[in-house]
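In: got a sequence here, can you build the structure:
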Amino acid sequence: MKDFIKIILRGVGQVMFQNNAISGFIFLSGIFYNSWIMGIFAILGNLISTFFAYLFGYDKNDIQNGLYGFNGTLVGISLFFYFGFNYISIIALIFTSILSSVFMHEIKKRFPAFTSPFVFSVWIIIFILSFFNISPLLNTNIIDNISFDLFKSISIGFGQVMFQNNMITGLLFIFGIFINSKKIALYAIYGAILSTLISIIFSFDILMINLGIFSYNAILCSIALANNQKRDYIFITVAIILSVFITYLFNQISLIALTAPFVISTWFILYI
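Out: Numbering: from 1, shown residues only. This is a model prediction of the structure:
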């Protein structure tokens, strides 16, 4: 039982690529602080995706390191975020969490999957539910102060990695990363600051900047590409810039970005 709990917590930690059960516990605490229902959905998505990875006979080391749980975690949170708590979202959660494990298994054979299984799975379920008018998307627009607040933007940007519009949750996420790696935490903060400043320079929507919309993908880019070489700063900086403009493009064409800007930017950097 103890090992199983560690696997689930590692799955939460792996959302920000921290293979650390304590980090996962801190992340999960941050989610529950903001929304206990989102916390429940996060655990359910994690459990389902991990269980079916076991059932399908996928690599046990990957399962134990939470590599099948983190996409399920994001699936659970996002489905509550977009559809609320109802029988449709519960059914969708089961189907999409299983699908994310299948995608993870297939994609990682070819290149680093990152959060692409989550992105593809949720895009598919949103399309199905919307196209067949099964369940409308909830209005996720949030009224906020339109005056720029750098500290708020950075902290909420960390929270938005898991759909959490809460400063305390964001700070807990930073702490969770810091517990596992101080260097990675500094890279992540660099990503949050740079992406915010770029958004300001190009006069993007202040409300979206304050809500961390242009930061959370940049934070993931910084973490995923962080290593011990000096040139990492160059690659990370390019990925951050790319993620900001890809996020802006997704917003302009009214397409739900999720973590696609992070995935696209990071794949591009790894390719070159």
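
In: what's the nearest residue to Ile168 if we skip its chain neighbours?
Out: Leaving aside its sequence neighbours, Ile168 sits nearest to Tyr33 (Cβ to Cβ, 6 or more residues apart in numbering; 6.0 Å). Where C-beta positions appear, they are placed from N, C-alpha and C, glycine not excepted.

In: the one you found contacts Leu171, correct?
Out: No - using Cβ atoms under 8 Å as the test, Tyr33 is too far from Leu171 to be in contact (10.1 Å).

In: at the geometric centre of this protein, which residue do we find?
Out: Taking Cα atoms, centre = their mean, the centroid of the chain lies closest to Val161, which sits 4.0 Å from it.

In: go ahead and confirm it touches Phe17.
Out: No - using Cβ under 8 Å as the test, Val161 is too far from Phe17 to be in contact (10.6 Å).

In: find residues that contact each of those two.
Out: Contact with both Val161 and Phe17 is made by residues Leu220, according to Cβ atoms under 8 Å, 6 or more residues apart in numbering.

In: quick one: contacts for the residue nearest to the centre of the chain?
Out: With Cβ under 8 Å, 6+ apart, Val161 has these contacts: Val15, Met16, Phe173, Tyr216, Ile219, Leu220, Thr259.

In: could you dump those into a markdown table and include neighbour count?
Out: Shown next, in a markdown table, are the contacts of Val161 (neighbours: other Cβ atoms under 10 Å):
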| residue | neighbour count |
| --- | --- |
| Val15 | 30 |
| Met16 | 26 |
| Phe173 | 32 |
| Tyr216 | 31 |
| Ile219 | 30 |
| Leu220 | 26 |
| Thr259 | 25 |
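
In: out of these, who's nearest Ile43?
Out: Proximity of the contacts of Val161 to Ile43 (Cβ to Cβ) peaks at Val15, which lies at 12.7 Å.

In: for Lys108, see how far away the closest one is.
Out: Taking Cβ to Cβ, to the nearest Å as the criterion, Val15 is separated from Lys108 by 16 Å.

In: next one: Asn251
Out: From Asn251 to Lys108 the distance is 29 Å (Cβ to Cβ).

In: what do you get for Ile177?
Out: 23 Å.

In: so for those two, which sits in the more crowded spot?
Out: Shown here are Ile177 and Lys108; by other Cβ atoms under 10 Å, Ile177 has more neighbours (28 against 18).

In: so who does that one touch?
Out: Met16, Gln18, Ser23, Ile184, Ala185, Ala188, Ile223.

In: now it, nearest residue through space, not along the chain?
Out: Ala185 (4.4 Å).

In: go on, Tyr248?
Out: Nearest one to Tyr248, counting by Cβ to Cβ, 6+ apart, is Phe204 at 6.2 Å.

In: got it, and Ile22?
Out: Ile179 (5.8 Å).

In: pretty sure that neighbour sits against Ile26.
Out: Yes - between Ile179 and Ile26 there is a contact under Cβ under 8 Å: 6.6 Å.

In: just want to know which of the two has more residues nearby.
Out: Legend: neighbour count by other Cβ under 10 Å for Ile179 and Ile26, higher for Ile26 (23 against 16).

In: give the contact list for that one.
Out: Leu172, Phe173, Phe175, Gly176, Ile179 are the contacts of Ile26 under Cβ under 8 Å, 6+ apart.

In: which of these lies closest to Val119?
Out: Using Cβ to Cβ, the contacts of Ile26 come closest to Val119 at Phe173, 19.6 Å.

In: and after whichever strand or helix holds the closest one, which helix or strand comes next?
Out: For Phe173, the element it lies in under DSSP states H and E is helix 167-180. The first helix or strand that comes after helix 167-180 along the chain, using DSSP H and E, is helix 182-201.
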